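*Asks:* Sequence plus predicted model, see below.
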Amino acid sequence: VGLGRAGVFSPEEDEALMAEALAVGQLGLGRTWPNPSVGAVVVRPTSAGPQILGRAGTAPAGRPHAEPLALAQAGDAARGATLYVTLEPCSHFGRTPPCADAVIAAGITRVVAAVEDPDPRVRGRGVARMRAAGLWVTVGVGAERALEDHAGHISRVTRGRPHVLLKMAVSADGKAGLEGPRPAAITGEEARARVHLMRAHADAIMVGIGTVLADDPQLTVRLPGMEGRSPVRIVLDGDLRLPTTCGLVRTAEQVPVWAIAAEDAPAEREKALVDAGVQVLRAPRAASGRLDLPAVMKLLGLLGVTRLMVEGGPQVAAALLDEGLVDEVAVLRSPDALGAGGLDALAGRPLARLTEPVGFAVVERTELGRDSLMRLRRL
Ligand code: AOF
Ligand code: ZN
C-alpha cells in the first residue's frame with residue numbers, strides 16, 4: 001500500500017479513473033446548486049489493477065463536498081492512495097472546512113484534478129496547499145468534459161450569471177408552435193424523453209409568459225425514476241399576468257415557481273400569486289419596456305442558479321440570442337410541417353440564428369426516432 005511513486009497508474013488508467021469521477025459528478029447535475037456537482041474517486045494500486053476505495057459526488061444542495069464523502073468511504077485505506085477529482089479541492093473555510101486539508105489529513109499522496117476551481121476563494125490555492133504539504137498533484141486530466149460539466153459553476157463565479165441552454169423544438173417549416181392558446185406537439189416520444197433528461201440536469205427552467213398562456217405547460221421531469229428531479233420553474237412575466245389557475249401555479253407547492261416581474265407590476269397580482277405559493281422576484285425593465293434580461297441573469301446568479309435551461313417561446317429565445325446571453329443551443333427538428341397558423345420559431349429572425357449561430361460549434365447530432373437533435377456550444 002502507498003507506493004506513492006511516479007508511474008503507479010498509467011496515463012490511460014488516469015483517464016479511465018477520471019472518467020469514473022466525472023460519471024459520479026454527472027449524476028448530481030441539477031441538484032447541487034449553488035455549488036458545482038463534483039465527482040471524487042479514491043483509488044489504490046493492487047497487483048490486480050486499480051482498486052476503488054471510495055466514490056462520491058457533491059451532496060444535494062451542495063454540501064458536503066465530494067472529497068470528504070469519498071475519503072470517509074475509504075477510511076484508513078486512503079493512506080497512500082490517489083484521489084481523482086473533477087474540480088480542484090477547495091481551500092476556503094466556507095460552511096465546511098477546506099477539502100484540500102481533508103485530503104492531506106487523510107494521507108492521500110497523489111491528487112489528479114480535472115480543472116482548477118475559478119471560484120475567487122480557491123483559484124489555485126487548493127492545489128498550492130496540497131503541493132506545499134508534499135502531495136503530488138496533477139491538473140488537467142479529463143479537463144474538456146469537466147469544463148462542460150462545470151460550465152454552470154464557472155459561469156456563475158466568473159460572470160455572475162448562469163450558463164444558459166436554449167432548447168427549441170422546430171417543425172420542418174421552421175415553426176415553434178401554433179398561434180393562440182393551442183399547444184402543438186412538434187417532436188415525438190424519444191425527443192421528449194431527452195428533453196426531460198435535460199430538465200433533470202438543469203437547476204432551473206425558464207419560459208416567457210406567452211408560452212404559459214399559450215401552452216399551459218408543467219415543465220416538470222416526468223421520466224420513470226426521475227420524478228423527484230424537477231428544477232425550479234421560472235416565468236418571465238413583466239406585468240404579472242400569470243394565472244393562478246395555470247398548471248405551473250397549481251403545482252407550485254410540489255415544485256417551486258418563480259415569477260420575474262418588472263418593478264412596476266401590480267402589487268395585488270403579486271399578492272394573489274404569493275398566496276398561491278409563487279415566489280415573485282422583481283427586475284428592472286430595459287428601454288424597450290421588456291424585462292432587462294442581463295439584469296434577470298444577474299439576479300438568477302445571485303440566487304445561486306448555475307444551470308439555466310430556457311424552453312421558449314419565440315420572443316424569449318430571440319431576445320436572449322439578440323443579447324448574446326445564450327451559451328448552448330439544443331435544437332430538436334421534426335420532419336413534419338405545422339403549416340398554416342404556425343408561430344415563427346424566432347419571431348421573424350432567420351432560423352440560422354438558432355441552427356448556425358456565429359461563434360458556436362456543433363457538439364452533438366443524435367437521431368431521436370423521427371426527430372433529430374443538434375447541440376451547439378459557444379466556442
Ligand atoms: C470542492 N468539492 O464537491 C464542491 C466544491 O459554500 P461552500 O463552502 O460549500 O463552498 C462552495 C464552493 O466550493 C463552490 O463555489 C466551489 O468553489 C467549491 N465547490 N469544492 O472541493 C466539491 N462542490
Ligand atoms: Zn470542498
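*Replies:* Cool, the structure landed. Ligands and ions are numbered 1, 2, ... in the order given.
*Asks:* Going by C-alpha atoms from here, please, whenever you check contacts or count neighbours.
*Replies:* Fine.
*Asks:* Assign a three-state SS to the closest residue in space to residue 120 that isn't next to it in sequence, would you?
*Replies:* Excluding its sequence neighbours, the residue lying closest to residue 120 (CA to CA, 6 or more residues apart in numbering) is residue 157, at 7.5 Å. Here residue 157 is recorded as helix under DSSP: H, G, I helix; E, B strand; the rest coil.
*Asks:* Pretty sure residue 157 sits against residue 121.
*Replies:* No. Contact criterion CA atoms under 8 Å: residue 157 and residue 121 do not qualify, at 9.9 Å.
*Asks:* What strand or helix carries the nearest residue to residue 124 once chain neighbours are set aside?
*Replies:* Among residues not flanking residue 124 along the chain, residue 116 sits closest, at 6.2 Å (CA to CA, 6+ apart). Using DSSP states H and E, residue 116 sits in no helix or strand.
*Asks:* Check what pLDDT residue 116 gets.
*Replies:* For residue 116, the pLDDT comes out at 98.
*Asks:* neighbours of residue 104, just the number please.
*Replies:* By other CA atoms under 10 Å, the residues close to residue 104 number 19.
*Asks:* I figured it was touching residue 133, is that so?
*Replies:* Yes. The criterion here is CA under 8 Å, and residue 104 meets it with residue 133 at 7.1 Å.
*Asks:* pLDDT value on the residue lying farthest from the centre of the chain, please?
*Replies:* If you look at how far each residue of the chain sits from its centre, by CA atoms, centre = their mean, the farthest one is residue 47, at 39.3 Å. Note on residue 47: pLDDT of 88.
*Asks:* Please tell me how far it sits from residue 17.
*Replies:* Residue 47 sits 17 Å away from residue 17, taking CA to CA, to the nearest Å as the criterion.
*Asks:* again with residue 69
*Replies:* In terms of CA to CA, residue 69 sits 17 Å off from residue 17.
*Asks:* Neighbour count: these two, which is higher?
*Replies:* A count of neighbours by other CA under 10 Å puts residue 17 above the other of residue 69 and residue 17, at 25 against 19.
*Asks:* residues in contact with that one?
*Replies:* Shown in contact with residue 17 (CA atoms under 8 Å, 6 or more residues apart in numbering): 41, 84.
*Asks:* Helices along the stretch 101-250 of the chain, start to end?
*Replies:* Taking DSSP state H, counting those that start in this stretch, the helices of the stretch 101-250 of the chain run over residues 125-132, 143-149, 151-159, 189-200, 209-215, 247-250.
*Asks:* How about the residues of the chain by ligand 2?
*Replies:* Within reach of ligand 2 by CA under 5 Å from the ion, the chain has these residues: 65, 90, 99.
*Asks:* Which secondary structure state does the residue lying closest to residue 67 once chain neighbours are set aside sit in?
*Replies:* Take residue 67 and drop its neighbours on the chain: the residue closest to it by CA to CA, 6+ apart is residue 40, 5.7 Å away. Following three-state DSSP, residue 40 is assigned to strand.
*Asks:* before we move on, the earlier item: in this structure the residue nearest to residue 124 contacts residue 123, no?
*Replies:* Yes. In this structure, residue 116 is within contact of residue 123 by CA under 8 Å, at 6.4 Å.
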